[in-house]
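Asker: 3D model of this:
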Amino acid sequence: MKRSTERILTTHVGSLVRPPAILEGMKARVLKQPHDQEQLERDIDQGVRDVVRKQAEVGIDIPSDGEFGRQGFEAYISERLSGLQALPEPPGDDAFQFVSPSERAVFPGFFEQYHRHYRYLWMPPEVDISDVPNRPGNYERFRVVGPVTYKGQAAIKHDIERLKGAMAGFNFTDAFIPADLPTRRRIDENILEFYPNVDAYLYAVADALREEYRAIADAGLIVQLDLAALTTGSRAAQAPTHNAEQNVEIINHALQGIPDDRVRYHHCWGSMNQPHTQDAPLSTFVHTMLRIHAQAYSIEAANPRHEHEWMLWKDVKLPDGKILIPGLVSHQTNVVEHPELIAWRIKNFANVVGKENVVAGSDCGFSQFWDSIRVHPSVQWAKLKALADGAALASAELWGTRAAAVAGD
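Answerer: Model (predicted):
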C-alpha cells in the first residue's frame, strides 16, 4: 500500500452514486422484474469506466469501481456464498427495528419521519421507485441450508478485470475493492442443524470469504473490509451478538495468508444523517481496531460528533508501519467542505501521527446501496474535488512545495 511520501494521497470509502441506467437495472434485478441482464452488464461496464475516469479528473489517487456492479456494499455477498437461502420479509415486520435502536429510542419522532424518505431523497427523478419497498438495503435474513462455501470466483474475477481495465491509461497510485465481513451474516434459528455452534458457522463464512480477499490481493489491489468487525449490540434477532474482540479474531482468521499491506479497514458510525448522540467514542475500541490485520484504518473525522477525536492520537500511538485514512469530507451533508478546512484537518492528523502516515479520505460511502443516495451526485464530485484541493494545500505546507490546486470559495 502506497504511503504519502511526497504529498498527501487521496481516496474515499468505495461506493459512489450510480447513474440512472444502472439504477434502473438494479431496481429490476432486486425486485425480480423482467430485465435485460446483458444490457445491465454493459451499463455497469460503461459506468465503471466513467466513474474511474471521473475520479482521475477530480484528483483521487486511490480509486474504486464505485461498487457499481453490486446492489449494496454487503448485500451482494449473498450471491457469492452457497449454503444460505434468503428468507422473505415477515408480514408486518418493522424493517427499521435494528437501525440505530438506541438512538431511535431517544429521538423517536425524528426517526419516524426520517425513515419515510431518507433513502430516496436524491434518487434521479427519471427512476420510478414507487414500487420499491421502503426497507434498509442490508435488510436480509437467511436460512442455512447446507455448508457455507464460496461460489463467487467468476464474479470477483470480473470485478477485478473491470476495475483494472477502467484504470488503464491513468496514473493512479493504488486501487481498492471493498469486501464484506463474516461477522455480518444474518441468519435464522436453524444454524445448529449444520454447525455445532455460532462460532463454527462464522469461521466457516470466514474461510469462504478468504477466497474473495485473496483474489483481490493477488490481483495487486487493496482489500477494504467494511465496518462490522466492531459493530456489536442488540441485534440478536438478526445475527449472533459477539463482542468486538471475538469479531476481530474471526476477521483475522479470514485474513490468514493475506499480507497486511494489501488490507485496509473502514469503520464508521452509520451512514445516515442523524443525531449520532449514541455513538461509541473512538477511544472505547481504538486498540481493538488496531488489532485487525490491516495496514490502514479508515475512520470518520468530518462527522461533527467525531471530528475532535483526532486528538486521541496524541495519546494512542499509531503502530509502526500503519496508516490512517481520516474522513475529511462528509457523505451525510450536501455542504461542500472548503479546501482550507480540509487542509487544516489533514495537518491536525499529520502533526500527531506523521504526514507520511495520513491518506485523505471520506467519512463513508456516498451510496452504500443502489437505492440509498446520500448526496446529490454533483455535490459528491464537488466534495471529492475539494478533498484533492485540500490535500494539495496541506502538502504544500507539509512538504514546502507549491500547491497543485488553488482553493477558492
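Asker: can we go C-alpha only for contacts and neighbour counts from here?
Answerer: Will do.
Asker: tell me which residues are up against the strand ranked longest in the chain.
Answerer: Determined from DSSP state E, the single longest strand within the chain is strand 141-150. The contact list for strand 141-150, computed with CA atoms under 8 Å, 6 or more residues apart in numbering, reads 80-89, 186-191, 194, 201, 204-205, 207-209, 211, 238.
Asker: now, these that are in strands?
Answerer: 81-87.
Asker: who's the closest spatial neighbour of residue 72, skipping the chain neighbours?
Answerer: residue 369 (3.9 Å; CA to CA, 6 or more residues apart in numbering).
Asker: okay, now that neighbour: neighbour count?
Answerer: Using other CA atoms under 10 Å, residue 369 has 27 other residues around it.
Asker: so it is in contact with residue 68, correct?
Answerer: No - contact criterion CA atoms under 8 Å: residue 369 and residue 68 do not qualify, at 9.6 Å.
Asker: hang on, the earlier thing: confidence score at the residue nearest to residue 72?
Answerer: With respect to pLDDT, residue 369 scores 90.
Asker: now the helices for the stretch 101-250 of the chain?
Answerer: 101-106, 108-117, 153-167, 198-218, 244-254 (DSSP state H, counting those that start in this stretch).
Asker: CA atoms of the second one as CSV?
Answerer: Extracted as CSV, the C-alpha positions of helix 108-117 are listed here (Å, rounded to 0.1, in the frame of the first residue of the first chain):
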residue,chain,number,x,y,z
PRO,A,108,-38.5,8.5,18.0
GLY,A,109,-40.2,11.5,16.3
PHE,A,110,-37.1,12.2,14.2
PHE,A,111,-36.8,8.6,13.0
GLU,A,112,-40.5,8.2,12.3
GLN,A,113,-40.2,11.0,9.7
TYR,A,114,-36.6,10.3,8.6
HIS,A,115,-37.2,6.6,7.7
ARG,A,116,-40.0,7.6,5.4
HIS,A,117,-37.9,9.4,2.9
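Asker: what sits up against it?
Answerer: 96, 104, 134.
Asker: how about those in JSON lines, adding distance to residue 32 and pLDDT?
Answerer: Putting the contacts of helix 108-117 into JSON lines (distance: CA to CA, whole Å; pLDDT from 0 to 100) gives the following:
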{"residue": "96", "distance to residue 32": "22", "pLDDT": "75"}
{"residue": "104", "distance to residue 32": "32", "pLDDT": "88"}
{"residue": "134", "distance to residue 32": "16", "pLDDT": "79"}
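Asker: now, which of these sits nearest residue 280?
Answerer: Lowest distance from residue 280 to the contacts of helix 108-117 (CA to CA) belongs to residue 104, with 15.2 Å.
Asker: gap between that closest one and residue 115?
Answerer: 11 Å (CA to CA, to the nearest Å).
Asker: next: residue 195.
Answerer: 36 Å.
Asker: residues in contact with the residue in the chain sticking out farthest from the centre?
Answerer: Most distant from the centre of the chain: residue 400, at 33.3 Å, with distances by CA atoms, centre = their mean. For residue 400, no residue meets the contact criterion (CA under 8 Å, 6+ apart).
Asker: next one, pLDDT for the nearest residue to residue 207 once chain neighbours are set aside please.
Answerer: Excluding its sequence neighbours, the residue lying closest to residue 207 (CA to CA, 6+ apart) is residue 254, at 5.7 Å. Turning to residue 254, the model gives it a pLDDT of 97.
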